[in-house]
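S.K.: mind looking at a prediction? Sequence and model below.
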Amino acid sequence: MKTLAEIRNDFPILNAKVRGKELVYLDNGATAQKPAVVIDAINTYYKDYNSNIHRGVHHLSQVATTAYENAREKLRGFINSPKLEEVIFTKGTTESINIVASCFGRKSLNKGDEVIISAMEHHSNIVPWQMICDEREAVLKVIPINNNGELLMDEYKKLLSDKTKLVAVIHISNTLGTINPVKEIIDLAHQKGALVLLDGAQAVPHIKVDVQDLGCDFYAFSGHKIFGPTGVGVLYGKSEYLNDMPPYQGGGDMIKEVTFEKTTYNCLPHKFEAGTPNIVGGIGLGVAVDYMQEVGIDLIHKREEELLAYATEKIVKVEGVRIIGEAERKASVLSFVIDGLHPFDIGTLLDQLGIAVRTGHHCTQPLMSFFEIPGTIRASFAFYNTKEEVDKLISGLERALSMLR
Ligand code: PMP
């Protein structure tokens with residue numbers, strides 16, 4: 001088992017100074033830092049075997065293809081997908097959700113059909129559904145939440161009907177930290193014959209995700225939030241549904257045969273991977289999930305739970321702080337507001353101390369409207385964060401407050 005010091009050593013940026021101060025990086029919900037093994041894998045690809053993949057007969061192309069496809073296998077194992085072909089490389093969560101909205105929507109949504117999302121969705125799990133529902137004359141329904149930031153499951157049950165074709169919900173909320181009861185959500189949807197997509201962007205960094213155990217039909221996540229590169233992510237989908245959907249984009253790699261009269265499409269996963277993909281991104285992401293597994297997802301979860309409990313206990317003692325998101329089951333996301341002060345001002349003052357937090361609406365404007373706030377200050381912890389860093393956040397907040405009040 002790696003010690004915390006060893007883990008921190010694995011991430012070169014954690015030794016950085018910001019404005020002359022030691023960096024305290026608490027913006028992991030936006031993007032996580034990269035361990036040296038990932039950075040090295042990216043370097044090695046460009047130094048030693050940069051080449052386009054698939055169809056290449058030459059050596060470098062074969063090496064790159066093998067590395068890329070090995071990475072797909074690693075991601076399959078990471079989420080326990082039963083089949084390799086069900087793991088599609090995308091640009092990230094946003095593209096993964098857009099693929100399902102656009103392709104499932106075009107094939108399966110008709111006038112009067114219904115799609116259900118929730119009040120705590122990220123914009124990327126709202127807007128694609130609005131767009132396709134508009135186009136297909138389908139109806140978008142929203143599961144409401146309570147003041148703690150938990151889904152109202154009785155209301156969800158009432159929304160489900162024979163018209164429901166798909167339910168798309170966030171697994172863990174990026175703004176509130178709420179861990180949603182996704183298994184129950186899936187079971188209830190399946191009883192009505194509806195499919196379920198989970199936005200797993202904030203779940204895979206924190207908890208073990210097993211798509212077979214969950215029983216979801218689609219699962220979307222981004223590489224950069226799990227210590228991999230930006231611009232790469234995954235869409236998991238059950239092959240029976242992916243096979244049934246039209247392709248997302250046309251171009252190279254997604255075809256079997258092209259004539260001017262008719263084109264036939266490639267098999268999964270390539271059918272949804274038109275054009276040269278983010279080869280180095282996929283390879284780097286494979287290394288990132290290896291790294292997470294080496295550290296141990298259970299250990300990651302345990303460390304982060306401890307950090308969240310410690311930070312929550314400390315922050316409620318700061319005068320005027322109100323936590324936004326007090327669900328019973330939470331991941332290591334701590335959003336809060338401070339009476340009479342704008343989150344942006346607090347974030348700017350914390351930055352002067354080298355402390356990186358996120359302020360604003362976190363791409364969840366409807367959630368901000370629900371809580372009647374302009375935004376929150378969000379500290380989001382990763383397993384490499386420390387209690388000392390939480391202490392710096394608290395003393396930084398107190399200093400900011402004494403300046404602003
Ligand atoms: N969903 C959630 C819950 C997120 O936190 C994010 C990123 N903030 C996204 C979707 C979008 O991810 P990406 O920008 O990597 O596509």
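M.R.: Cool, got the structure.
S.K.: show me where the stretch 301-405 of the chain has strands.
M.R.: Along the stretch 301-405 of the chain, counting by DSSP state E, counting those that start in this stretch, strands occupy 321-324, 333-338, 355-356, 358-360, 376-380.
S.K.: strand partners of the fourth one, parallel vs antiparallel please.
M.R.: Pointing back at strand 358-360 there. The pairing partners recorded for strand 358-360 under DSSP bridges are strand 376-380 (antiparallel).
S.K.: kindly check the end-to-end length of stretch 319-335 for me.
M.R.: Criterion C-alpha to C-alpha, to the nearest Å; first-to-last residue distance in stretch 319-335 is 15 Å.
S.K.: oh, that last question was meant for stretch 270-280, not what I typed.
M.R.: Counting by C-alpha to C-alpha, you get 17 Å between the two ends of stretch 270-280.
S.K.: how is this structure carved up into domains?
M.R.: Domain assignment for the chain, taken from automatic domain parsing, gives 4-30+296-404, 40-293.
S.K.: now do the last one: distance from first to last residue.
M.R.: Going back to what we said before, that points to domain 40-293. First residue to last in domain 40-293 (C-alpha to C-alpha) measures 18 Å.
S.K.: isn't Ala356 up against Ala16?
M.R.: No. Between Ala356 and Ala16 there is no contact under C-beta atoms under 8 Å: 10.4 Å. C-beta: built from backbone N, CA, C; applies to glycine.
S.K.: now do the SS call for the closest residue to Gln130 other than its chain neighbours.
M.R.: Nearest residue to Gln130 in three dimensions, chain neighbours excluded: Leu140, at 6.1 Å (C-beta to C-beta, 6 or more residues apart in numbering). What DSSP: H, G, I helix; E, B strand; the rest coil gives for Leu140 is strand.
S.K.: what's the burial count for Leu140?
M.R.: Neighbour count of Leu140, defined by other C-beta atoms under 10 Å: 15.
S.K.: what residues does the stretch 251-400 of the chain have near the ligand?
M.R.: Applying C-beta under 6 Å from any ligand atom, we find that the stretch 251-400 of the chain lies next to the ligand at Cys363.
S.K.: how about the residue of the stretch 251-400 of the chain found nearest the ligand, nearest residue that isn't a chain neighbour?
M.R.: Nearest residue of the stretch 251-400 of the chain to the ligand: Cys363, at 5.8 Å (C-beta to the nearest ligand atom). Distances taken as C-beta to C-beta, 6+ apart put His123 closest to Cys363, at 4.4 Å, once the chain neighbours are dropped.
S.K.: burial count for the one you found?
M.R.: Here the number of neighbours of His123 (other C-beta under 10 Å) works out to 15.
S.K.: again with Glu388
M.R.: The burial count for Glu388: 10, using other C-beta under 10 Å.
S.K.: now do the contacts for it.
M.R.: Residues near Glu388 by C-beta atoms under 8 Å, 6 or more residues apart in numbering: none.
S.K.: tabulate the domains of the chain (JSON lines), appending mean pLDDT.
M.R.: Converted to JSON lines, these look like this (pLDDT from 0 to 100):
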{"stretch": "domain 4-30+296-404", "mean pLDDT": "97"}
{"stretch": "domain 40-293", "mean pLDDT": "98"}
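S.K.: looking at Ala356 and Ala16, which has the bigger crowd around it?
M.R.: The neighbour comparison of Ala356 against Ala16 (other C-beta under 10 Å) goes to Ala356, with 17 against 13.
S.K.: ok, the more buried one to Lys34 distance?
M.R.: Using C-beta to C-beta, to the nearest Å, one gets 15 Å for the distance from Ala356 to Lys34.
S.K.: same question for His206.
M.R.: Applying C-beta to C-beta, the value for His206 to Lys34 is 17 Å.
S.K.: between these two, who's got more neighbours?
M.R.: Taking neighbours as other C-beta under 10 Å, His206 and Lys34 compare with His206 leading, 29 against 24.
S.K.: thought the more buried one was touching Lys302?
M.R.: No. Between His206 and Lys302 there is no contact under C-beta under 8 Å: 10.7 Å.
S.K.: picking that back up, any figure for the gap between the residue nearest to Cys363 and the ligand?
M.R.: Using C-beta to the nearest ligand atom, to the nearest Å, we find His123 at a distance of 8 Å from the ligand.
S.K.: what do you get for Ile226?
M.R.: Using C-beta to the nearest ligand atom, Ile226 is found at 11 Å from the ligand.
S.K.: Leu197 now?
M.R.: Distance of Leu197 to the ligand, given as C-beta to the nearest ligand atom: 11 Å.
S.K.: still on that earlier bit, who's the residue nearest to Gln130 bridged to?
M.R.: Taking DSSP bridges as the rule, Leu140 bridges to Val115.
S.K.: which residues sit in contact with Phe11?
M.R.: Per C-beta under 8 Å, 6+ apart, neighbours of Phe11: 33-36, 384.
S.K.: need the max-distance pair from the residues you listed.
M.R.: Greatest spatial distance among those (C-beta to C-beta): Ala36 and Tyr384, at 12.5 Å.
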